[in-house]
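*Asks:* need a structure here:
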Amino acid sequence: MGNRLSLFEKVKILEKSIVERHLIDGLYTSIILVDQRGNPLEAGRQGGILHAVSWTGIYLMALALKYAVLRDEDVRVHAWDVLRAYRRLQELTSVPGLLARGYVKGHGPSMEEKLGIGVEKVWRQGSGELSKYRWFDHPSHHNYDHAVRGYGYYYFFAADEEQKKFIREDVEKIGRHVYSDLSLEARDKDGKVILNLWGASPRDRPSMRMLMATSSLKIISYITGDKLFEDNYRRLCEQLKYFEYADKDDIGLDLYPRVGHDDAEHVLGDLFLMLRLEEDDVLRKFYKRAVEKIFDNFRHDKYTPFNFIYAYVTEDVSVVEDGINTLHRYPMNKVFEPVMNSIREDYDPSVPLPIDERPLDNEYTWKGNPYKPDGWLARNVTRLYVSSEDPYVMFAVDETGKLYRSYSMGADWDYLSDRLGLEVNDVLVTPHTLRIVLAATNDGVYRSDDGGDSWRPFSLKGYRVYRFIPDEKNIYAITSEGIYLNKNFGSLRWVGLRWVKVIDNLPGLDPWATCFDKNSGIFYTVIGGDVYSLFEGDWIYMGKITELTEVVVSRLKIYKGSLYGVVAIEPGDLNWSVLGVSSDYGRSWKIIGLSKILPGQFTFGSGLEGVKVYDFDICDKGIYVASDKGVIYSDDFGESWRIIKQGLHIPLSKSVFATVSGVFVSGPSGLYKLSQDSWERLLVLNGPGVYRFETGSVDFVYAYWLGRYLGYIDKSD
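*Replies:* A predicted model of the protein is given here:
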């Protein structure tokens, strides 16, 4: 920690990032898409701006407090960008006072629409001068609270006369549209109610949601000077019994430990300003008690603005240090990183995680859940195929059936599923030429003649094709209707076209628990612990792995005449997932990794005790095992083992591939390649396609300038 950045250095870097990366065509966006190297995609079609209203409001609050500290006119100049962005959110809807929740530049479906995010919302194309933008309505009560509060902070702490006039015009419209009567409804351009600020809140006592509504009414009254809004504010305070609850021991608010951080962030920020605007002593008492009540619920969570606002209201500065420490630990890398604390031996679900150990999967830190252990994990790569002609050419399939391609041995990737449009189970680059690629899909075999750029349905239409097994010049396909053979005869024309059925599937056959011995031309499979071989068109029973019940083999491979399999065993209260090997084609098995001796059941090996095996692969260098402890390697084919987990961001692996391009492993933190004894990460599939999400840092900027304004943080800190 000795070389850590000061808070002042951090805020300068993060403020610069907000402007350079998150200001897109005049709108500050909460989330942007970046490539695998962290470079932002071209602005306009990035998507990820669903919370632009709230995010921009918080940024306006941060600028307000920054100006109050520095009195720097450049802050006011910059704030004009934010104010104009807010006005555009009203102009897009063409309904004065109705805020568009967000927008993107361009025509056609937005990224969110394509991904199915926010599909319950209504997307519309702008009109007139704004016709180049696509926006969506249905703003939330949180959106309106952040917008009005952002206007209020800036109006109170920083606005010059011209800016105050600009703000009054916009806030007046919001007030007339939503807050002119106590129905508190927002309507779209067709007059349909799309938001009711009441929600399910009680109408006769205080609640978190209605504290936002009353705060907004007070702020609108303060900015506009309109008696209508002050009267509505007082009426609502009386209806909700704020005056009565000011003298009660328990003011309610329906708070529950470890939940409701979103509402708490809103209400505490509201009350900080309300205690400056409100002159009624009884209401001030109620608001102070509300701050104390809310903070007591989240006292141990070390959320910086929570601590600072509580210290300001109560003068209990003992909590300030926790808030400052959180800012020091605030991460500078804001790309959504897969995090999996739930597998840590020291993880305690009753203790909030430090901010730099928590999953970053929310566009605003102070409303996230600090007890949530895991974040947006990477989609696992289940199939990796490397061209035999050029080892730089690779294709990958993830657990959702999406297809990807690399021409750089994994350094860069293209997303191909938008060109194919089907769920892919397996992929094969033909040995004849790397331009011909076959995809096993849920609706037959598709073929590409240009390396994956375009696809056409080719054969086995209507069949679910699970996987391909190449055999020199021929290809086998395991399908829902049986095993088929494609004889190529060395001709590119016939690759993947004509298939001959070899055998029907056995009931319960798992395509991944099936393997092919190229030397003998025999298939092997395991069903429920029973081993079968395919010989001269018939399935032959070979033997049983164990007499124990509930045995499942999820992977089966053959190497130099020996069968290897991932064997899951659940006898009674036991739950093992181990590596098994048979040197007599399935008649007897040696189980590697069970430390408990069950006489008469197995012959036991050693080296993988206490390890859960997910996958394995074998090459001349040895066996690589993907497990819940990382990757375990044996260069003597099971006699001794060592773990290789250096470089893995999460020490858990689900798939492993020993290829001509090297050894690769995939798991919840991404796809990696082995380089000497360390893993180098190549791909993280936890965003749309091959892209990742990056969130902005207004949470830090707001909390920092709040601390500076209150005197809890010094410039030299």
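
*Asks:* Name the nearest residue to residue 612, sequence neighbours excluded.
*Replies:* Once flanking residues are discounted, residue 612 sits nearest to residue 628: 4.2 Å by CB to CB, 6 or more residues apart in numbering. To be clear about C-beta, it is placed using only N, CA and C from the backbone, and glycine gets the same treatment.

*Asks:* The nearest residue to residue 28 once chain neighbours are set aside: which element?
*Replies:* Distances taken as CB to CB, 6+ apart place residue 56 nearest to residue 28, at 4.6 Å, with adjacent residues excluded. Using DSSP states H and E, residue 56 falls within helix 52-70.

*Asks:* How confident was the prediction at the most far-flung residue of the chain relative to its centre?
*Replies:* In the chain, the residue that sits farthest from the middle, by CA atoms, centre = their mean, is residue 536; the gap is 49.7 Å. The pLDDT attached to residue 536 in the predicted structure is 84.

*Asks:* Do I have it right that the residue nearest to residue 612 meets residue 343?
*Replies:* Yes. Assessed by CB atoms under 8 Å, residue 628 is found in contact with residue 343 at 7.2 Å.

*Asks:* residues shared between the contacts of these two?
*Replies:* residue 652 (CB atoms under 8 Å, 6 or more residues apart in numbering).

*Asks:* and the longest helix along the chain with helix 52-70, angle?
*Replies:* In the chain, taking DSSP state H as the definition, the longest helix is helix 73-93. Helix 73-93 and helix 52-70 meet at an angle of 160 degrees, taking axes from the mean of the first three to the mean of the last three CA atoms, to 10 degrees as the criterion.

*Asks:* List the strands paired with the helix or strand just after helix 73-93, with their directions.
*Replies:* As assigned by DSSP H and E, the chain's next helix or strand after helix 73-93 is strand 102-105. Partner strands and pairing direction for strand 102-105 (DSSP bridges) are strand 133-136 (antiparallel).

*Asks:* For the next helix or strand after the partner strand, what is the distance to the chain centroid?
*Replies:* Counting by DSSP H and E, the element after strand 133-136 in chain order, helix or strand, is helix 141-157. Centroid displacement of helix 141-157 relative to its chain, using CA atoms, centre = their mean, to the nearest Å, is 28 Å.

*Asks:* what does stretch 261-276 give?
*Replies:* 28 Å.

*Asks:* and what of stretch 559-577?
*Replies:* For stretch 559-577, the distance to the chain centre is 33 Å (CA atoms, centre = their mean).

*Asks:* For the residue farthest from the centre of the chain, give me its contacts.
*Replies:* Contacts of residue 536 (CB under 8 Å, 6+ apart): none.

*Asks:* how close does it get to residue 522?
*Replies:* 10 Å (CB to CB, to the nearest Å).

*Asks:* How about residue 474?
*Replies:* Applying CB to CB to residue 474 and residue 522 gives a distance of 14 Å.

*Asks:* out of the two, which sits in the busier spot?
*Replies:* residue 522 (16 against 13; other CB atoms under 10 Å).

*Asks:* thought that one was touching residue 537?
*Replies:* No. Assessed by CB under 8 Å, residue 522 is found out of contact with residue 537, at 11.5 Å.

*Asks:* Which parts of the stretch 401-550 of the chain are strands?
*Replies:* 403-406, 414-415, 424-429, 437-441, 444-448, 456-459, 465-471, 474-479, 482-487, 500-503, 514-517, 522-527, 530-535, 538-544 (DSSP state E, counting those that start in this stretch).

*Asks:* now for the fourth one, which elements pack on it?
*Replies:* For strand 437-441, the helices and strands in contact under the criterion 3 or more CB pairs under 8 Å, 6 or more residues apart in numbering; DSSP states H and E are strand 424-429, strand 444-448, strand 465-471.

*Asks:* got a markdown table for the ones you listed, with mean pLDDT and distance to residue 328 too?
*Replies:* Shown next, in a markdown table, are the helices and strands packed on strand 437-441 (pLDDT from 0 to 100; distance: least, CB to CB, whole Å):
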| stretch | mean pLDDT | distance to residue 328 |
| --- | --- | --- |
| strand 424-429 | 96 | 46 |
| strand 444-448 | 96 | 52 |
| strand 465-471 | 94 | 51 |
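
*Asks:* so which of those comes closest to residue 640?
*Replies:* Ranking the helices and strands packed on strand 437-441 by proximity to residue 640 (CB to CB) places strand 465-471 first, at 31.1 Å.

*Asks:* contact partners of that closest one?
*Replies:* With CB under 8 Å, 6+ apart, strand 465-471 has contacts from 383, 425-428, 431, 438, 440-442, 444-445, 475-480, 511-512, 515-516, 518, 521.

*Asks:* So for residue 472, what's the nearest residue that isn't a sequence neighbour?
*Replies:* Nearest one to residue 472, counting by CB to CB, 6+ apart, is residue 518 at 7.3 Å.

*Asks:* Tell me how far that neighbour lies from residue 474.
*Replies:* Counting by CB to CB - residue 518 and residue 474 are separated by 10 Å.

*Asks:* And residue 706, by the same measure?
*Replies:* In terms of CB to CB, residue 706 sits 69 Å off from residue 474.

*Asks:* cool, and residue 487?
*Replies:* 5 Å.

*Asks:* With residue 38 instead?
*Replies:* 44 Å.

*Asks:* circling back: spit out the contact partners of the residue nearest to residue 28.
*Replies:* With CB under 8 Å, 6+ apart, residue 56 has these contacts: 27, 28, 82, 85, 86, 147, 150.

*Asks:* And the pLDDT for the first one?
*Replies:* What it means is residue 27. In this model, residue 27 carries a pLDDT of 78.

*Asks:* Do you know the pLDDT at the residue lying closest to it once chain neighbours are set aside?
*Replies:* Leaving aside its sequence neighbours, residue 27 sits nearest to residue 85 (CB to CB, 6+ apart; 4.9 Å). Confidence at residue 85, expressed as pLDDT, is 88.

*Asks:* I'd say residue 85 and residue 25 touch.
*Replies:* No. Residue 85 is beyond contact range of residue 25, at 9.3 Å (criterion: CB under 8 Å).

*Asks:* Looking at those two, which is more packed in?
*Replies:* Of the pair residue 85 and residue 25, residue 85 is the one with more neighbours under other CB under 10 Å, namely 22 against 15.

*Asks:* who's in contact with the more buried one?
*Replies:* 26, 27, 28, 56.

*Asks:* Pretty sure the first one sits against residue 86.
*Replies:* No. Using CB under 8 Å as the test, residue 26 is too far from residue 86 to be in contact (10.3 Å).

*Asks:* which sections of the protein are below the confidence cut-off?
*Replies:* 1-3, 42-51, 115-121, 257-258, 361, 489-490, 548-549, 571-575, 593-609 (pLDDT under 70).

*Asks:* And the residue nearest the centre of it?
*Replies:* residue 376 (3.1 Å).

*Asks:* in stretch 346-356, what's buried?
*Replies:* For stretch 346-356, burial by neighbour count (16 or more other CB atoms under 10 Å) applies to 352, 353, 355.

*Asks:* from the residues you listed, which single one is nearest residue 685?
*Replies:* Closest to residue 685, out of all of the buried residues of stretch 346-356 and judged by CB to CB, is residue 353, at 23.9 Å.
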